[in-house]
Structures are given as C-alpha cells and as structure tokens.
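>>> compute the structure for the input listed below.
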Amino acid sequence: MAVLPERLVTRNFLALASGEAVARVIAFAGTIYIARTLGPEFYGIIGFATAVVLYFSRIADGGMEYFGLGIREIAEDHRRVESTAPDLMTARFVVSAVLVLFLFALGLLLPQPDGSVVALYGLTLLMVGASTRWIHVGLERTRFVAIARALGEAVMVLLVILLVRGSGDIARVPLAQFVGDALAMLLMFGALTRRGFRLPIRLDLNVAKPFFRRAAPLVASALLGLMIYNCDLILLRFFRDTASVGYYAAGYALISFMLNLGVSYSQSLMPTFTRLGNAERGQLGLYHTSLVHVYAVTLPIAAGGFLLAPQLLDLVFGQSYLSGTTALRILIWTIPLAMFREVALVVLVSGGRQRAVLRLTGWAAALNLVLNLVLIPPFGMIGAAGATLATELARTTTALVFARSDGFRVAAAARFWRPTIATLGMAALVLLADSPILWVGLGIGLLAYPATLAGLGGIRLRRDEPPALTL
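This next block holds a predicted model:
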C-alpha cells in the first residue's frame, strides 16, 4: 500500500527533526554553559565569530544541503550517489579549504581575540565541505543523520565542559565544535561506504560545473539570507559593544533552535515534492497541509515565548542577560514567519525557480540592511530586532506571492482558525496565572493548547494511534 505524501513527509521529518532537536538541545546546553562561563562580553565575541563564519559556510555548502539542491539531485536518481556525488564532494571540499585559508588571513586583521576565534571557527568549514548529510537526506535515510548529528554535538559539549573554565579558554570553544562536526561527518561517510557506495576523491569539472552553475543563485540567496539573519549581530558589534551582542545573541540562540527545525522540515519536504513531479494536485495538497501544520506548531510557541521571555532568559542564561528581554519578545515572532517561508521556498526550489528565490532574498536583504543602519544606532538591540521582524514579514509575504504565481495558493483561511483560537485561549490562561516561575506558565501552555485544539477538532485521538493534526 502506497504511503501518502503527508505521512511520508511526517515520517522523514520526525526522524530528521527529532535528531535535529536532540542535537540542538545538546548544543544549547553547551551554549548555556559557554554564555554563563564567559559572560556577556566574551560570549558576544563567540556570537560575532559564528555570525561571520556562517557566511562562508553557505559558500562551502554550495546549495547542496541548505536549499536542498543536492538533496533533490539524489532524490531524483539514487544512482547519482556514485555517478556525480564524488565530483561534487571533492569540488566542495576544495572550496572549503580555500575559505579556511582566507579566514585565517582575515583573523590576523581583526582585533583580538575576535580574530583568533573567527579563524578557529573557520576550521569547521572543512566538515561542511566533506559532509554527506545531503546524500543521506536525498536517500531518505534521515534517522541515521539524526543519530550522527546528535553524537557530534554531544562530543562538542563534553569537550567544552571539560576544557572551558573561563574567558581565557575562549579559543577552545571553536576547536571543540570542529571535533564534534568531524565525528558527525565521519559517521555519515562511513555509513554510506558500509552500504556499498563508492565515494572516491574525484573531480570531473564537466560534472561539477553545471551543478554549481545552477546552485549559484541559491548560494547568493543563502548569503543574502544570512545578511538578514545576522547582519544585526555584526552591526551591533560595530555600533555598540560586545556586551550588547551577547544579550542579543542569547535571545537569538533561543530563536535559532526553532529556525533550524524549520530548515529540517523543509529538507524533509524536498524529496517528496521532487518525487511528486508534475502531480499538481498532490503537490498542492501537501503544500496546504504543510502551511497549516507549521502554523499550528509555531503560533503557540511564539505567543508563549513572548509572554514568558524574561523567565526564559533568567532560567537559561541568568539575570545578567535580562537586558535582552524586549529584543527576544520581538524576535520570537519571526519563528512562524520563517517556517511559512521555508515551505514556500521548497515549492520554488523543487520547481527549478532558483532565480526567483535569489530575487526575493536580494530585495529582503537590501531592506534589512537599510533598516538596521537606520534603527540600530539610536535604538540598539530593539532597533535590530524590529528590523529583523519587519524584514521577515516582507520576505515571507513575497515568497508566498511567488509560490502563488506558480499555482500554489495559500490554504483556505478556514483551516487556520482552530490553532488561532487555541493559541488565544492558551495565552489568556498564562496571563491570568501571571506567575514569575517559568515552569508554571510553561505547564499551563503545554496543557491548555493541545487540549483546546483537540476540543475544537484539530487533533484526532484514536486508540492505538498517536495523536494527529486534522486541520
């Protein structure tokens, strides 16, 4: 019996996202330890360095994984694991090595210790270039990806706890990340070879060049998207101080957890959309269901996070980071917007609309840069958060419009009312409780939202079956 597209996506996503969630929880524990051990000022240096290196990681990725072009290649034809993947991997690793050298040179020009931390984080690009994660996802072997990712982050956190005792150990943080990433890379590579896939070091430019030519708009889109994602952090470093960056980065760490799950969800959609091909009705139904599901999951998270922001920062990072509360309350609303956009981008990329993705991201990046330059000098973190939210709203709206031009209109409004009512009810109960204790508000939210949604008919409860959304 054929597996329905929605169920297949759910199965792949749960495997990929559960591993991503576990990995992110483990990494987040490391982030908490680093932030508390180093303090806002030195944690701001870590935030600045990772923001810079992220730009180079998108170049090293080459559009294979982040936007899913490599995933689509494998999903279309599994034989490409041996026919084209070795050439693409070799080319990507060479590019990564060149970028590492560039970052080491850049590190010499930056103020210290910022420059040294940037240079050492650059080593992680080698693992981006050598990664076979995109192959596994294209083969829909998401469960193993989840395990490898979680193990890599666990090793990173263990090393951080063992080796980082104060601000003088800041350089050990990127080295721990490199070791963890290397472990995950080796596990995924070894899994492919054990299954009989041959992945020799080989570089045929006739194979690699056409792929990277098609990927170029996506790489440019990724760089522009990063400008939206962390331009605020970088400009805060120049217009304010490292402590401001530390407060802001703490809030962003909470946001990034959900945003990375959004990327995992979009990657799990890609093979199914690719396989459906021109089956427009099937694609449209999957598109509608995906939009409704991300709305039902992310809206209560945003509302709850808004109400409980100070308690979250206090519990996770400590009272020294409470200055970032207002910024976090603004940034949290980017989560549902970003998840909506990721679904629309999958539709565009699976349909070969890479240049449309580049165009919409380019306009959004220009808007974001202008807003940050105007708002950060007078308003600091609040201006940066406001610029990010305004940009995400414009970017998501444009992505949905582009998808609609391809025949993918947004699902009917009637499918969204149940999560909206359930979220409002949950928020009212949290406000009425008005507890300074995080676990009280969190417990109310975790009980009230699914109970209300189920009462409205948005969750199906059957004996011997897991709960399922019926929106």
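>>> below-threshold pLDDT in the protein: ranges please.
Residue ranges of the chain with pLDDT under 70: 1-21, 67, 261-264, 266-268, 270-272, 274-282, 463-466.
>>> residues touching Phe306, list them.
Counting by Cβ atoms under 8 Å, 6 or more residues apart in numbering, Phe306 touches Arg329, Ile332, Trp333. Where C-beta positions appear, they are placed from N, C-alpha and C, glycine not excepted.
>>> name the helix or strand for it, please.
helix 280-307 (DSSP states H and E).
>>> which helix or strand lies directly C-terminal to that helix?
With DSSP H and E, the next secondary element past helix 280-307 is helix 309-316.
>>> the stretch 51-200 of the chain: helices as residue ranges?
Taking DSSP state H, counting those that start in this stretch as the criterion, the stretch 51-200 of the chain carries its helices at 69-76, 80-83, 85-109, 114-121, 124-130, 133-138, 142-163, 172-194.
>>> could I get the contacts of Phe306 as JSON lines with secondary structure, distance to Gly138 and neighbour count?
As requested, those are exported to JSON lines (DSSP: H, G, I helix; E, B strand; the rest coil; distance: Cβ to Cβ, whole Å; neighbours: other Cβ atoms under 10 Å):
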{"residue": "Arg329", "secondary structure": "helix", "distance to Gly138": "39", "neighbour count": "19"}
{"residue": "Ile332", "secondary structure": "coil", "distance to Gly138": "33", "neighbour count": "26"}
{"residue": "Trp333", "secondary structure": "coil", "distance to Gly138": "33", "neighbour count": "21"}
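>>> count of residues packed around the residue nearest to Ile71 when sequence neighbours are not counted?
Leaving aside its chain neighbours, Ile71 sits nearest to Gly138 (4.5 Å; criterion: Cβ to Cβ, 6 or more residues apart in numbering). When neighbours are counted by other Cβ atoms under 10 Å, Gly138 registers 28.
>>> mind listing what's buried in stretch 448-457?
Ala448, Tyr449, Pro450, Thr452, Leu453, Ala454 (16 or more other Cβ atoms under 10 Å).
>>> sorry, back to before: give the contact list for the residue nearest to Ile71.
Gly70, Ile71, Arg72, Glu73, Ile74, Ala75, His78, Pro271.
>>> Thr50: which of the residues you listed is nearest?
Closest approach to Thr50 among the contacts of Gly138 (Cβ to Cβ): Gly70, at 23.4 Å.
>>> pretty sure the closest one contacts Gly63?
Yes - using Cβ atoms under 8 Å, Gly70 is in contact with Gly63, at 7.1 Å.
>>> just want to know which of these two has more residues nearby.
Neighbours per residue, other Cβ under 10 Å: of Gly70 and Gly63, the larger number sits with Gly70, 29 against 26.
>>> quickly note the distance from the residue nearest to the more buried one when sequence neighbours are not counted to Ala451.
With Cβ to Cβ, 6+ apart as the criterion, Gly70 has its nearest non-adjacent residue at 2.9 Å, and that residue is Met64. Plainly put, Met64 is 42 Å away from Ala451 if you go by Cβ to Cβ, to the nearest Å.
>>> which helices and strands sit right next to the helix or strand that contains Ile421?
Per DSSP H and E: Ile421 is located in helix 417-433. Here helix 417-433 touches helix 280-307, helix 438-455, going by 3 or more Cβ pairs under 8 Å, 6 or more residues apart in numbering; DSSP states H and E.
>>> what's the most buried one of those?
Mean neighbour count, computed with mean count of other Cβ atoms under 10 Å, is highest for helix 280-307 among the helices and strands packed on helix 417-433, reaching a mean of 20.
>>> I'm done for today, thanks for sticking with me.
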